[in-house]
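Peer 1: Got a sequence here, can you model it:
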Amino acid sequence: MTESAHGIGARPFKIPQQDVCFSLVGSPIGDLMLLSDGVALTGLHLHAEQHRVDVGSGLRRAEEPFRLAREELELYFSGALRQFTAPLAPRGTPFQLHVWAELLAIPYGETRSYSEIAAAMGRPKATRAVGQANGRNPISLIIPCHRVIGQDGSLTGYGWGVDRKRWLLAHEGAFPA
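Peer 2: Next comes the predicted model:
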């Protein structure tokens, strides 16, 4: 693994600053809200009513900071992109950042169990903590928490709903359509 600004990760994370802007993007699984500090993505959330994120009064709607992420999301959903390159700046504890870096290491079209991620981190007894960190992933989809499944191969809980998880995994060829 390479070093990052946080000392962990298969891919460096930028040091997050305060969110300053947002953008909405349509997708086959629903509208997505992107958040940025003006340099890197700090959030990617489903914008459905039950998942809606309060953007707060200090955020402005903008498009330019999201140009690369929007292009890559469009390519991903068309089946032409397997790995995102947009700069990311998730906010989390050192343990969460380590988990999210491990999620980035799961190749397109593959899955891992919570226990496999814990073992890859050198913390084989941290399966529950890995699950909790996975559930707090602020940049869903790009940090691919949908690629984490149960030890028995089942589609365990997913913040955006198991149907969306199934769709994403089928889209990537990791689960039957």
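Peer 1: List the residues that contact Lys14.
Peer 2: Residues near Lys14 by CB atoms under 8 Å, 6 or more residues apart in numbering: 5, 39-40, 87-89. (C-beta placed from N, C-alpha, C; glycine too.)
Peer 1: ok, of those residues, which one's closest to His171?
Peer 2: For the contacts of Lys14, the residue nearest His171 by CB to CB is Leu88; the value is 20.8 Å.
Peer 1: Now tell me which helix or strand of the protein has the poorest mean pLDDT.
Peer 2: The weakest-scoring helix or strand in the chain, judged by mean pLDDT, DSSP states H and E, is strand 60-61 (a mean of 88).
Peer 1: Can you tell me which of the contacts of Lys14 are buried?
Peer 2: Buried subset of the contacts of Lys14 (neighbour count, 16 or more other CB atoms under 10 Å): 40, 87-89.
Peer 1: In these, find the pair that's most separated.
Peer 2: Distance extremes for the buried ones among the contacts of Lys14: the farthest pair is Pro87 and Ala89 at 6.9 Å, using CB to CB.
Peer 1: joint contacts of the two?
Peer 2: Counting by CB under 8 Å, 6+ apart, the common neighbours of Pro87 and Ala89 are 14, 39-41.
Peer 1: Could you single out the nearest of those residues to Gly58?
Peer 2: Val39 (16.6 Å).
Peer 1: what are the phi and psi values for that closest one?
Peer 2: Backbone torsions for Val39, taken as degrees, to the nearest 10, come to phi -120, psi -40.
Peer 1: I'd assumed Ala89 was in contact with it.
Peer 2: Yes. Using CB atoms under 8 Å, Val39 is in contact with Ala89, at 7.2 Å.
Peer 1: Now do the shared contacts for those two.
Peer 2: Between them, Val39 and Ala89 share the contacting residues 14, 17, judged by CB under 8 Å, 6+ apart.
Peer 1: element containing Glu102, please.
Peer 2: Per DSSP states H and E, Glu102 falls inside helix 94-104.
Peer 1: what separates the helix or strand just after that helix from the chain centre, distance-wise?
Peer 2: The helix or strand immediately downstream of helix 94-104 is strand 112-113, counting by DSSP H and E. Distance, stretch centre to chain centre, for strand 112-113: 15 Å (CA atoms, centre = their mean, to the nearest Å).
Peer 1: Which strands border strand 112-113, and is each parallel or antiparallel?
Peer 2: As defined by DSSP bridges, the strand partners of strand 112-113 come to strand 148-149 (parallel).
Peer 1: what residues does the partner strand touch?
Peer 2: Identification of contacts with strand 148-149 by CB under 8 Å, 6+ apart yields 103, 106, 111-114, 117, 131, 134, 155-156.
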